[in-house]
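Peer 1: I'll drop the sequence and a predicted model, then ask my questions.
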Amino acid sequence: MPASSPPASTEPTAMRVAVIGGGPGGLYAAALLKRLGPERDITVWERNAPDDTFGFGVVLSDETLGGIQHADPAVYRALQDEFVRWDDIDVVHRGRTLTSGGHGFAALGRRRLLEILHERCRSLGVHLRFRAEAPPAAELSTAYDLVIAADGVHSLTREAHADVFAPHIATHDCRYIWLAADFAFDAFRFEIAETEHGVMQLHGYPYGTGACAASTVIVEMREEVWRAAGLDECDEQQSAERCAKIFAEALGGRPLRGNKSTWSAFRTVVNRRWSHGNTVLLGDAAHTAHFSIGSGTKLAVEDALALAACIQEQPGLPEALAAYETERRPVVESTQRAAAASLRWFEELPTYLGQPAHQFAFNLLTRSRRVTHDNLRLRDPAFTEAVERDFGCPPGTPPMFTPFRLRGLTLRNRVVVSPMDMYSAEDGVPGDFHLVHLGARALGGAGLVMTEMVCVSPEGRITPGCAGLYTPEQAAAWQRITAFVHRQSPGTAIGLQLGHSGRKGSTRLMWEGIDQPLDDGNWPLSAASAIPYQPGVSQAPRTLDRAGLTDIREQFAAAARRAAGCGFDLLELHCAHGYLLSGFLSPLTNRRTDAYGGPLENRLRFPLEVFDAVRDSWPADRPMTVRISATDWAAGGNTAEDAVEIARAFAAHGADAIDVSTGQVVPDERPEYGRSYQTPYADRIRNTLRVPVIAVGAISSWDDVNSLLLAGRADLCALARPHLYDPHWTLHAAADQNYTGPGAPWPLPYRAGSRKPPTGRTDGPKPRLTLS
């Protein structure tokens, strides 16, 4: 019988399913589909022998196990009998072991997992073809109703139909190898080795006990460390021996063994589409997530559960495949974002080694942003209290309500109302709206309230509604606002963000068409280079000459002197988001050939000249910060590495903190949005340069703020939209955490509302008796 011909079926109308790849995802999909439709004709092709497998242990979450229990109790019972369970994570930092409990893990050997799935498939009547290459998916799709491509990270199916699936594959900076030790760790173990060649890390966890005691051991390091150590020249046995020697203390002197183990660089796989006709991708063929959050097998099994359910629920295969992708894609993308954060953390591991032990351990545990301060406090209160104590939290004080000092200014808490353009000024004069807007947020408890970008000249405005500080009338209006804040909300600081629109000026109000040029009344634009923001749409700027540069520098200095007279507590220089100074920093917007263009050192020259002029005009005891775009999110633009150098330069010139945003430099950017998506850039600058940073970007919960601070990823957290939704966000965060200390005092007229209003009961009486 040809390989592509389906086996004989007693049900001529039964669905015929071909599965390419006999890993856990493919096998479980086959078993579920057969269990839900016994008449279905299902064949699995696996190129390896039944007892061949790569890797060692597999970790599954309680959520995944719950799905298996509901869908297939027989498989669940078999897994339950095999699992090794534990709760602790050990983090070894410079010889000190810190343990965090309450995490809940379950693991078993990968080979045993495959045996259970083989047995289940055979008992249900699934055809298993081992040592057999599957025919191409295009061929199978003509003979089968459904083709499931579960053929792994190197999927031939995905490659053959790349024009449809549109894969994007990113290879990362570390090398790793999967090994095993014949004893059981008593916890999930992370251990760091600081060698003469660089930093190496061990990830270890048990997957067998008793006579079958065993642990998975993954050794990982950056590519340059791997090469410097000569591990690129080692075979499997030599690699195992070298790794066992490096981590001898963790292993108790025991050896390591391999299983077709090779050094690899992790590849993140993303596909624009997961199906093509009647062929669908599953597991690593569709997506990958870094092993440091233990999600590969978990995602594949969950894919199988969702695919089988959608086929069962939907009226036809096209609808089922569409529903499968709709259901799974958001979950997978969320997991991939978490995995990417974890992967980057380990790539940047050397920058964290100088942290105190408890902070380092907390940073590691919360690296993916899925474990946070609040849920870690529930899992292990004693560990979390130790982290808080080392951070300097007084008893009962959440991290966000600890004070922070910048030069001569002490902020009573770590919350910043981020600058937000309101486009509501008249002739640059802030009016009643600004008084109410900024005053309300000052009353709302934040330690620092920032103005929108205040422009240094009429030509430096973004829109006709932008506020300025270039006339006495504007200065008087700002002084009215700062006086209100200081009088009615003592202890709240108010800061001014100073900027110039550059090539992004002379546009409509945001709600009338963001970045769209005015229909009339335009003013001339100036920029580093004569490149319009949106070619064919935006007004073209003129390239600034020496006289123009001097004029603008003096405009900034004059505005800073006015700001000091207005009573602002802090001044921030806006060097982000594609506005004038940002336009000098980015190679995408700065094409100059003089001393202000070319290499980064030259592109920094004018922004630093402006910074120096502003610093000289601003009182010596008042802090000054700089907002930067830490990446342009576009090919050829500034990168995270450039951002570190930009921050280094401003810090050397006297910046007290770096406010780390990203993007908005070019219209064709491709940001990687997600929760707290910009904070890794702040983290990198802080832990590389040891300078204070303000993190900003989709930070939305007080739990996120506490987590970022405790982990040492930020010193202050700026929130924008949450403060539009709730001007009293900080005070409500204090109430939610039962905090009533000096870091978040309620204004006297509001004190009666410092507790959440009671609501009606929604719970009913609990059942007491079961009657039969």
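Peer 2: Here it is on my side, so go on. Residues are numbered from 1 along each chain as shown.

Peer 1: May I have the residues that are in contact with the residue lying closest to residue 460 once chain neighbours are set aside?
Peer 2: Among residues not flanking residue 460 along the chain, residue 500 sits closest, at 3.7 Å (C-beta to C-beta, 6 or more residues apart in numbering). In this view, the C-beta of every residue, glycine as well, is placed from N, C-alpha and C. Residue 500 makes contacts with 455, 456, 457, 460, 552, 555, 556, 574, 579, 580, 581, as judged by C-beta atoms under 8 Å, 6 or more residues apart in numbering.

Peer 1: do the same with residue 756
Peer 2: So residue 756 contacts 735, 736 (C-beta under 8 Å, 6+ apart).

Peer 1: same for the top helix by length along the chain, what does it pack against?
Peer 2: If each helix of the chain is counted by residues according to DSSP state H, the longest one is helix 317-347. Helices and strands touching helix 317-347, by 3 or more C-beta pairs under 8 Å, 6 or more residues apart in numbering; DSSP states H and E, are strand 167-181, strand 264-271, strand 275-276, helix 296-313.

Peer 1: Kindly reformat these as TSV containing distance to residue 755 and mean neighbour count.
Peer 2: Shown next, in TSV, are the helices and strands packed on helix 317-347 (distance: least, C-beta to C-beta, whole Å; neighbours: other C-beta atoms under 10 Å):
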stretch	distance to residue 755	mean neighbour count
strand 167-181	48	19
strand 264-271	46	17
strand 275-276	52	22
helix 296-313	41	23
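
Peer 1: Now do the contacts for residue 334.
Peer 2: When contacts are counted by C-beta under 8 Å, 6+ apart, residue 334 touches residue 674.

Peer 1: For residue 96, see how far away it is.
Peer 2: Going from residue 334 to residue 96 by C-beta to C-beta, to the nearest Å gives 33 Å.

Peer 1: What of residue 159?
Peer 2: 47 Å.

Peer 1: Kindly report the same for residue 552.
Peer 2: Taking C-beta to C-beta, one finds residue 552 at 53 Å from residue 96.

Peer 1: now do residue 123
Peer 2: With C-beta to C-beta as the criterion, residue 123 and residue 96 are 50 Å apart.

Peer 1: one step back: of the helices and strands packed on helix 317-347, which approaches residue 236 most closely?
Peer 2: Closest to residue 236 of the helices and strands packed on helix 317-347, according to C-beta to C-beta: strand 167-181, at 8.4 Å.

Peer 1: Report the angle between that closest one and helix 317-347.
Peer 2: 60 degrees (axes from the mean of the first three to the mean of the last three C-alpha atoms, to 10 degrees).

Peer 1: and the angle from strand 167-181 to strand 264-271?
Peer 2: Here strand 167-181 runs at an angle of 140 degrees relative to strand 264-271 (the same axes, to 10 degrees).

Peer 1: Give the next helix or strand downstream of strand 167-181.
Peer 2: Counting by DSSP states H and E, the element after strand 167-181 in chain order, helix or strand, is strand 188-195.

Peer 1: Mind giving me the packing neighbours of that next one?
Peer 2: Judged by 3+ C-beta pairs under 8 Å, 6+ apart, the packing partners of strand 188-195 are strand 89-93, strand 198-208.

Peer 1: for residue 301, what are its contacts?
Peer 2: Neighbouring residues of residue 301 by C-beta under 8 Å, 6+ apart: 24, 25, 28, 60, 64, 67, 68.

Peer 1: you'd agree the last one is in a helix?
Peer 2: Yes: counting by DSSP: H, G, I helix; E, B strand; the rest coil, residue 68 falls inside a helix.

Peer 1: distance of residue 675 from residue 736?
Peer 2: Applying C-beta to C-beta, the value for residue 675 to residue 736 is 18 Å.

Peer 1: the more surrounded of these two?
Peer 2: Taking neighbours as other C-beta atoms under 10 Å, residue 675 and residue 736 compare with residue 675 leading, 17 against 14.

Peer 1: Give me the nearest residue to that one, chain neighbours excluded.
Peer 2: The shortest distance from residue 675 to any non-neighbouring residue, by C-beta to C-beta, 6+ apart, is to residue 698 (5.5 Å).
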